[in-house]
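Participant: quick one, what's the 3D model for this:
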Amino acid sequence: NSTFENNVIVASQILLNGGVTHSIVTNNSDPSGSTFSIQVTDGNGVSNVDDTFTHNTLNEGTFTLDASATGAVVSNNTLTNGAGFSNAANNVTFTSNTATGGLGYGEQGFYDSGSNDSYSGNTAENDTDGFYVVGSGKLTVTANVANDNEAIGFDIEGTCVLTVQKNTADGNASTGFYITSQTATVNVNTANGNDVYGFEMTIGNGTVCSNTADNGGFIGFSITASGTLNLTGNVADNNAVIGFSTSQSSGTISGNTANDDSTGFSFTIGTGTVCSNTADKNLADGFDITTSKSLTLTGNTADNNGVEGFYFLSLPDGTVSGNTANANGSAGFQAYGQDCSFLHNTADNNNDVGFSLELFSSTVSQNTAVGNGSEGGFLLFGNNVTITNNTARNNTGDGFLLDRLGSSTISANTSSSNHGDGIYLIEAYSNTLTHNTVDNNGNDGFDLVENTGENTISNNTAVGNAVDDLADASTGSGTAGTGNTWTHNTAHTANPPGIL
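Facilitator: Modelled structure (predicted):
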């Protein structure tokens, strides 16, 4: 129960050497240019418990708590040009302390190897790492600042349960937040202008919500989660490579924004929901997505990106619905998928094509492609696909190009005022085309080339097309010597005439 108060310490230290409990060390300082340190140790084998250190000013010194300093309270202390705060004890509270200028000493502002500690309102600037915490069972880090450090703002490794909220890590030479934890809650933090990552995380399960990582030299958010990750309401703008890069088993990715990055979102996800995210004006793709199980992608927007709006490397058993991809440099949607559905999506004014899809046992329904470029509205490959109630209008290329598509049903679609064909088939076999409306296109309405066959074209309407409403260059045992069957269609012109 001792008190050390209002002392001037010249080139020396305050040492609590075992068995000192409930003591108060406050308002001690050193003249500028001397060295003052505070140290707690169990030199005689007896622990120090529940000591308080407050409003001390240290210059070119150290503040060290060994494992014996259980329950210490460290608040409103200032350490300048020294080796930083170092703690190995459990249940220690650090509040409103400042550590600056440790860079020349190769030290962290705050180093912690204890457990169940908490940090609130502290500042670490111009150090090697701002905060370096390793091996904590439970840790809370709230409203701290770690700016302009030589390496990492917050380096937190090996925690079991971690809460990081309302902190700032800007302008660090490597990474704003580097986190490894079994369970992590990371909310309302800012990591702007860091040279590599804003947030780099490897976790089991976690929630990452309402954080910002802008103007980074590499990636805004890089997160690997072996379990469930919920990524919600974050912003990653103007990062040099990727806004959000995640690899996760499951979870929800919602309400995030990635603008003016190289790639907006790059996801590898097992099963989960991706909804209401925005990726605009990125240099490459808006969304790069790989999924291994089941994904629901709904209500997202990818506009004005340099290459693809949405690019799916793998989409098994997924649902893509109600998304918008406009004015992208190549395709609005490009996908390889199986047992998946594309529903109610919009792809307008993309430079090459609205939808470029290679699908198997899948459904493409009620999508719209207007004003896209030379590859048209819909470019479709695959087998056993249901293509129904879609609209392609005013595209520079064809409305629908069915390339190597087989055993599929194309029904109740509208293709009008496209510069090329309304519906164009290449190497397409055993498909059924029925009740489609194809009008006022710049070439043929329906155009089937030589290497097509065994398709059935019935009960369609094709009128006002610039060349022929119906055209079939194949040969075989079908209608009028073609390789396909034509019946009950409404049209004005046909080549050969016998298919009308």
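Participant: next helix or strand past the helix or strand of the chain with the lowest mean pLDDT?
Facilitator: The helix or strand of the chain with the lowest confidence, counting by mean pLDDT, DSSP states H and E, is strand 48-49 at a mean of 69. Following strand 48-49 in sequence order, the next helix or strand is strand 52-54 (DSSP states H and E).
Participant: mind checking the SS state of the residue of the chain positioned farthest from its centre?
Facilitator: In the chain, counting by C-alpha atoms, centre = their mean, residue 498 sits farthest out from the average C-alpha position, at 55.3 Å. Of the three states, residue 498 takes helix under DSSP: H, G, I helix; E, B strand; the rest coil.
Participant: that one reaches residue 479, doesn't it?
Facilitator: Yes: with contact defined as C-beta atoms under 8 Å, residue 498 reaches residue 479; the gap is 6.6 Å. Heads up, the C-betas are built off the backbone N, CA and C, glycines and all.
Participant: would residue 67 count as being in a helix?
Facilitator: No: under three-state DSSP, residue 67 falls outside any helix and is assigned coil.
Participant: show me the contacts for it.
Facilitator: Contacts of residue 67 were listed using C-beta atoms under 8 Å, 6 or more residues apart in numbering, and they are 42, 88-90, 114.
Participant: inside strands: which ones of those residues?
Facilitator: The members of the contacts of residue 67 all map outside strands under DSSP state E.
Participant: tell me the one of the residues you listed nearest residue 233?
Facilitator: Closest approach to residue 233 among those (C-beta to C-beta): residue 114, at 32.1 Å.
Participant: I figured the closest one hits residue 136, correct?
Facilitator: Yes: the criterion here is C-beta under 8 Å, and residue 114 meets it with residue 136 at 6.7 Å.
Participant: any weak-confidence spans in this protein?
Facilitator: Residues of the chain that meet the criterion pLDDT under 70 lie in 1, 18-20, 32-33, 43-48, 103-106.
Participant: which residue is nearest the centroid of it?
Facilitator: Most central in the chain (C-alpha atoms, centre = their mean) works out to residue 244, at 2.8 Å.
Participant: in the sheet, who's paired with that one?
Facilitator: Applying DSSP bridges to residue 244 gives these bridge partners: residue 221, residue 265.
Participant: what sits against it?
Facilitator: Contacts of residue 244 by C-beta under 8 Å, 6+ apart are 220-221, 223, 231, 234, 236, 253, 256, 258, 264-267.
Participant: repeat that for 7 Å
Facilitator: 220-221, 236, 256, 258, 265-266 (C-beta atoms under 7 Å, 6 or more residues apart in numbering).
Participant: any idea how far residue 67 is from residue 354?
Facilitator: 64 Å (C-beta to C-beta, to the nearest Å).
Participant: still on that earlier bit, redo the contacts of residue 67 as a markdown table? Include neighbour count and distance to residue 487.
Facilitator: What follows is the contacts of residue 67, written out as a markdown table (neighbours: other C-beta atoms under 10 Å; distance: C-beta to C-beta, whole Å):
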| residue | neighbour count | distance to residue 487 |
| --- | --- | --- |
| 42 | 17 | 94 |
| 88 | 17 | 85 |
| 89 | 24 | 86 |
| 90 | 17 | 82 |
| 114 | 23 | 81 |
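Participant: which of those residues lies closest to residue 21?
Facilitator: Scanning the contacts of residue 67 for proximity to residue 21, where the rule is C-beta to C-beta, the winner is residue 42, at 11.9 Å.
Participant: so how many other residues sit close to the closest residue to that closest one other than its chain neighbours?
Facilitator: Spatial nearest neighbour of residue 42, excluding adjacent residues (C-beta to C-beta, 6 or more residues apart in numbering): residue 68 at 3.6 Å. By other C-beta atoms under 10 Å, 22 other residues sit near residue 68.
Participant: next: residue 22.
Facilitator: The burial count for residue 22: 12, using other C-beta under 10 Å.
Participant: pretty sure it contacts residue 70?
Facilitator: No: in terms of C-beta atoms under 7 Å, residue 22 does not count as a neighbour of residue 70; the distance is 11.8 Å.
Participant: what residues are bridge-paired with residue 165?
Facilitator: residue 142, residue 187.
Participant: need the helices for this structure, in chain order.
Facilitator: Under the criterion DSSP state H, the chain carries no helices.
Participant: what residues are up against residue 86?
Facilitator: Residue 86 touches 62-64, 111, counting by C-beta under 7 Å, 6+ apart.
Participant: cutoff 10 Å now
Facilitator: With contact taken as C-beta atoms under 10 Å, 6 or more residues apart in numbering, residue 86 is in contact with 39, 62-66, 107-108, 110-113, 132.
Participant: sketch out the strands for the stretch 151-300 of the chain, chain order is fine.
Facilitator: Assigned by DSSP state E, counting those that start in this stretch, the strands in the stretch 151-300 of the chain fall at 152-165, 175-187, 197-209, 219-232, 242-254, 257-259, 263-275, 278-280, 287-298.
Participant: tabulate the ones you listed in CSV, adding columns for distance to residue 413.
Facilitator: CSV is the format used below for the strands of the stretch 151-300 of the chain (distance: least, C-beta to C-beta, whole Å):
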stretch, distance to residue 413
strand 152-165, 50
strand 175-187, 46
strand 197-209, 41
strand 219-232, 36
strand 242-254, 31
strand 257-259, 33
strand 263-275, 27
strand 278-280, 28
strand 287-298, 22
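Participant: of these, which is nearest residue 319?
Facilitator: Going by C-beta to C-beta, the one of these nearest residue 319 is strand 287-298, 4.9 Å.
Participant: could you tell me the angle between the closest one and strand 242-254?
Facilitator: 10 degrees (axes from the mean of the first three to the mean of the last three C-alpha atoms, to 10 degrees).
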